[in-house]
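Pasting the sequence and the predicted model now:
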Amino acid sequence: MGIPPGSGAHKAPGHPPLHPFILTLFHSFTFEPSPELPLGESRLAQGAGRRVLIVDDEPGLAEMVCRGLAGSFEAEAASCAEEALGLLASGKTYSVVLSDQEMPGMTGTELLREIQREHPETVRMLFSGYGDVDTAIRGLHEGAIFRFLMKPSSLAETRAAIEAGVLRHRRKVTFRIKRERAQFAMEAAEGFTALLEERLDQAQYATVFALARLAEERDDCTGKHLERVSMFCRELSIGLADTGHFQDEITSRFVRDIERSAPLHDIGKVGIPDSILLKPGKLTEEEWAIMRTHPQIGAETIAAIMRTDPTASFLRMGYDVALCHHEMWDGSGYGQGLVGEEIPLSARILKVADCYDALTTWRPYKKRWTHEDAIAHVVKFGGSEFDPIVAATLRRMGDRLNCLRLSLSDDIHINLKTV
Ligand SMILES: [Fe+2]
Ligand SMILES: [Fe+2]
């Protein structure tokens, strides 16, 4: 049992009276056994993480408490809040800090709040006289204090409280380690999944692009058409976003997807017989009817690939591009008979890019147009054949697209054809 403060017991004649808490420690140390540790926790008593810091300005009191705790804890003393903060800042990890409330400089609650901020895993305890109860309770409510001990407390009470604090600290550390491991495992899994998805995405793209190239090569006139159209679509998309149009629709994902889906626009030509696709003269009405099925064939081809991976966004866009790339803004095109903004934006951009490249390159049935004439043509038919905003963007970005076009020209190819 503790001794009531101010009782005068153990007062030695000729010496200043001993602090009642010190007297309690003497008393408790002599007569009260250590509390039993819970089963399974006794091992903790032998292990690390039992460093505690006692903070009290009363001369000799903190050291006295430390001696009382020796054997069960690695206890250290500090005579003020500033010294305690210095010890904590030195890198040592304390499971528990037990501080007096009334000290010169920072009070106990101020110290513990600072520790809560800088060392949140350290369990904070306050011991205090009767006059400090309100402060202590406020500290408890604010979460800065795990427990407070009333002065005077017996060594057994102090030791039991610190034991509870050490266990609390151990649980906080264990929880943090588990959380960090879970986080690490989750990030590793996400990284691995992203890598797999990227590889799958690349493999899908390589396969589909090869198919698109196959379809295009049969046409015997395209050179680097697919690469240029892909590049033009990317640039036009960025240019459109810069103007403020379609800001919600044209994201970085959209730009990446259109760059990859643009080469798929004529993939449906794989289903058109050579006798029609390569026919040198004019097509009959029946042959045109068959030719006009290539958007549908292309979309169905991409849909079949998408069934193996419905999440590939460039394939979803590729489906739109293949299906709708012969639609016209005024509804006079073919495919689904769409008009205006019913036509997917990706297909409207592709149509401008595809036409610009077709006009500025040699084809068996036409000469190569100049860059200026091609731009003028697209602008002229903006609002009838083409989305007028996309056509205006082509004109605005003409110089940039012209440079890109020349960097990927089919000069060798063209020269051979024109000889
Ligand atoms: Fe086509
Ligand atoms: Fe094309």
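Noted; the coordinates are in hand. Just so it is clear, the model here is predicted, and its values are computed rather than measured. Ligands and ions are numbered 1, 2, ... in the order given.

which residues touch T393?
With contact taken as Cβ atoms under 8 Å, 6 or more residues apart in numbering, T393 is in contact with L236, G239, L240, T243. The way it works is simple: take the backbone N, C-alpha and C, and place the C-beta from them, glycine included.

quick check, nearest of the residues you listed to D274?
L236 (32.7 Å; Cβ to Cβ).

Does the closest one fall in a helix, a strand, or a coil region?
The three-state label given to L236 by DSSP: H, G, I helix; E, B strand; the rest coil is helix.

Need the contacts of T393 in CSV (columns: secondary structure).
Listed next are the contacts of T393 as CSV, based on three-state DSSP:
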residue, secondary structure
L236, helix
G239, helix
L240, helix
T243, coil
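
Which two of these have the greatest separation?
Top of the distance list for the contacts of T393 (Cβ to Cβ): L236 and T243, 10.7 Å.

Which one's more surrounded, the two?
Per other Cβ atoms under 10 Å, whichever of L236 and T243 has more neighbours is L236, with 27 against 12.

got the contact list for the more buried one?
Applying Cβ under 8 Å, 6+ apart, we find L236 in contact with I349, V352, A353, V390, T393, L394, M397, L401.

Report the buried residues of the helix or strand containing the last one.
What that stands for is L401. In the assignment (DSSP states H and E), L401 maps to helix 398-407. Of all the residues in helix 398-407, those buried under the rule 16 or more other Cβ atoms under 10 Å are G398, L401, N402, L404, R405.

Tabulate those (JSON lines), appending distance to D266.
Shown next, in JSON lines, are the buried residues of helix 398-407 (distance: Cβ to Cβ, whole Å):
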{"residue": "G398", "distance to D266": "24"}
{"residue": "L401", "distance to D266": "20"}
{"residue": "N402", "distance to D266": "23"}
{"residue": "L404", "distance to D266": "20"}
{"residue": "R405", "distance to D266": "19"}
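
List just the nearest of those residues to M106.
Distances from M106 to the buried residues of helix 398-407, taken by Cβ to Cβ, are shortest for L404, at 66.8 Å.

Tell me the secondary structure at the residue nearest to the closest one when sequence neighbours are not counted.
Spatial nearest neighbour of L404, excluding adjacent residues (Cβ to Cβ, 6 or more residues apart in numbering): M231 at 5.4 Å. Put simply, M231 is helix when judged by three-state DSSP.

how much space between the closest residue to A392 other than its chain neighbours and H371?
Distance criterion Cβ to Cβ, 6+ apart; nearest residue to A392, sequence neighbours excluded, is G382 at 6.5 Å. In this view, G382 and H371 are 17 Å apart by Cβ to Cβ, to the nearest Å.

Let me see the contact set for the residue lying closest to T93 once chain neighbours are set aside.
Distance criterion Cβ to Cβ, 6+ apart; nearest residue to T93, sequence neighbours excluded, is R51 at 6.6 Å. With contact taken as Cβ under 8 Å, 6+ apart, R51 is in contact with F73, E74, A75, E76, K92, T93, Y94, S95.

Surely the second one touches I54?
It stands for E74. No: between E74 and I54 there is no contact under Cβ atoms under 8 Å: 11.6 Å.

How about the helix or strand harbouring I305, which residues are buried there?
Using DSSP H and E, I305 sits within helix 294-306. Judged by neighbour count using 16+ other Cβ under 10 Å, the buried positions of helix 294-306 are H294, P295, Q296, I297, G298, A299, T301, I302, A303, I305, M306.
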